[in-house]
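Novice: After the sequence you'll find the predicted model.
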Amino acid sequence: MAEHNWIKIILTPFSRVYGLITLLRNFLYNVHIFSSQKPPQFTISIGNITVGGTGKTPMVEYLTKNLSSKYQIAILSRGYGRKTKGLLFADDTSTASDIGDEPLQYFSKYGKNIVVAVCENRVNGAFAIHNKFPECNLLLLDDAFQHRAIQRDVNILLNDFNRPFYKDLPFPAGRLRETRSGAERADVIVVTKSPADLYDTEKEKIRRSIQKYSRREVPVFFASIRYAEPVSYNQSPVLLKNVIIAAGIANPLPFTIYLRSKYNVVEEIIFPDHHNYTPTDLQHLIKYIKNDTFVVTTEKDMVKLKPLAAESGVLDHFTYLPMEMNFGADAEPFDHWITNHTL
């Protein structure tokens, strides 16, 4: 702990410089020296100030599931971790190397009803979607809070309950992509990964901490992560007892804690976020498999590992844990807010 504090002290001056750079960048956008363009579609951005996992993927999926009956949805992502460049539309031949793991997950779940595209330049991507799919009238920008070159109609900011931005510092001493004041741009804030039984007094305390940096009229909602029953890679239900955890996500701790509470964890193998799995990785996992032991991954890992597991004939011993955003008591007010502020 003492060593960590010393490192933080040493890095703090660099964080101040980085924070000033982000403040200058935001100022130049605010006074229109840096230009931004409005896309043809009604646009909702989902993003964060903190580096790492705050629940953007479950949030995008929550909005997709709840709004797809009313709107023709397109999801636009940078496609982090892909080995390609430029604009690509997801289709049945797409792999994680082509478009990234999260876009592939979106397409695997909702591809028949929505458009999924990746492009580093969000403005170009939005107009390309409009040109090819003019019927799409709602654009979801995945991880775009800092992408100010593209305008948005609704700006959703996610704040991890366990790593709140209001207690953090900009990179490199902390995990913030910009200063805390960036929260002023949010139209709505969701505190993700909250305990399902969080007391109202604690919620109010968190709201007050957030409102030191956001606009006071901006609502703050709370959501937790809800895990479903495990599903094998061949899509059949499975009963688990002994498990090997394999995860390549930004913050695997909630995932591993949940599995430890439910099953006998034989081994935990953690990979970097957006890890591109190789046959060597698969062989490393297979060596732990027994008749009563299964590998359990996240859904994001599944879309990358499944082709390798199928090729090796071990699909039956690989399972994933579906997860979704659970707003609990805040579900109705949040859905009402989104409905009232969409189109």
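Specialist: All right, it came through fine.
Novice: shouldn't D143 be in contact with I75?
Specialist: No. Applying C-beta atoms under 8 Å as the test, D143 and I75 come out as separate, 10.9 Å apart. (C-beta placed from N, C-alpha, C; glycine too.)
Novice: Comparing these two, which shows the higher neighbour count?
Specialist: Neighbour count, other C-beta atoms under 10 Å: between D143 and I75, I75 has more, with 28 against 20.
Novice: For that one, which three-state class applies?
Specialist: At I75 the chain is in strand, as set by DSSP: H, G, I helix; E, B strand; the rest coil.
Novice: Compute the distance between it and M59, please.
Specialist: According to C-beta to C-beta, to the nearest Å, I75 and M59 sit 12 Å apart.
Novice: Check which helix or strand Y320 maps to.
Specialist: strand 318-321 (DSSP states H and E).
Novice: Okay, now the sheet partners of that strand, with direction.
Specialist: Applying DSSP bridges to the sheet, strand 318-321 is found paired with strand 231-232 (antiparallel), strand 293-298 (parallel).
Novice: Point me to the residue sitting closest to the centre of this structure.
Specialist: Nearest residue to the geometric centre of the chain (C-alpha atoms, centre = their mean): K56, 2.5 Å.
Novice: wait, doesn't that one sit right on L140?
Specialist: No. At 10.4 Å, K56 and L140 do not qualify as touching, with contact defined as C-beta under 8 Å.
Novice: who's sitting farthest from the centroid in this structure?
Specialist: Distance from the centre of the chain peaks at N291, with 33.8 Å (C-alpha atoms, centre = their mean).
Novice: Who are the contact partners of that residue?
Specialist: Neighbouring residues of N291 by C-beta atoms under 8 Å, 6 or more residues apart in numbering: there are none.
Novice: do I289 as well
Specialist: Contacts of I289 by C-beta under 8 Å, 6+ apart are 244, 295, 314, 317.
Novice: same thing with A196?
Specialist: A196 makes contacts with 224, 326, 328, as judged by C-beta under 8 Å, 6+ apart.
Novice: remind me, longest helix of this structure?
Specialist: The residue-count maximum for a helix in the chain (DSSP state H) belongs to helix 2-30.
Novice: What strands flank the following helix or strand past that one, and is each parallel or antiparallel?
Specialist: With elements assigned by DSSP H and E, the helix or strand that comes after helix 2-30 is strand 42-48. Pairing partners of strand 42-48, with direction, according to DSSP bridges: strand 138-142 (parallel), strand 154-160 (parallel).
Novice: Distance from the chain centre to the last one, please.
Specialist: For strand 154-160, the gap between its own C-alpha mean and the chain's C-alpha mean amounts to 11 Å (C-alpha atoms, centre = their mean, to the nearest Å).
Novice: between whichever helix or strand comes after that strand and strand 42-48, how many degrees?
Specialist: Following strand 154-160 in sequence order, the next helix or strand is strand 188-192 (DSSP H and E). Interaxial angle of strand 188-192 relative to strand 42-48 (axes from the mean of the first three to the mean of the last three C-alpha atoms, to 10 degrees): 40 degrees.
Novice: when you give positions from now on, start the count at 14
Specialist: Renumbered: residue one is now 14, and that last one reads strand 201-205.
Novice: Strand 201-205 - contacts with which helices or strands?
Specialist: Identification of packing neighbours for strand 201-205 by 3 or more C-beta pairs under 8 Å, 6 or more residues apart in numbering; DSSP states H and E yields helix 69-80, strand 167-173, helix 213-223, strand 233-235, helix 344-353.
Novice: so which of those comes closest to Q248?
Specialist: Closest of the helices and strands packed on strand 201-205 to Q248 is helix 69-80, at 17.7 Å (criterion: C-beta to C-beta).
Novice: how about H288, secondary structure?
Specialist: Under three-state DSSP, H288 comes out as coil.
Novice: ok, it to D294 distance?
Specialist: According to C-beta to C-beta, H288 stands 8 Å off from D294.
Novice: what does Y271 give?
Specialist: On the measure of C-beta to C-beta, Y271 and D294 end up 23 Å apart.
Novice: For the two, indicate the residue with more neighbours.
Specialist: Taking other C-beta under 10 Å, Y271 and D294 do not tie; D294 has more neighbours (18 against 15).
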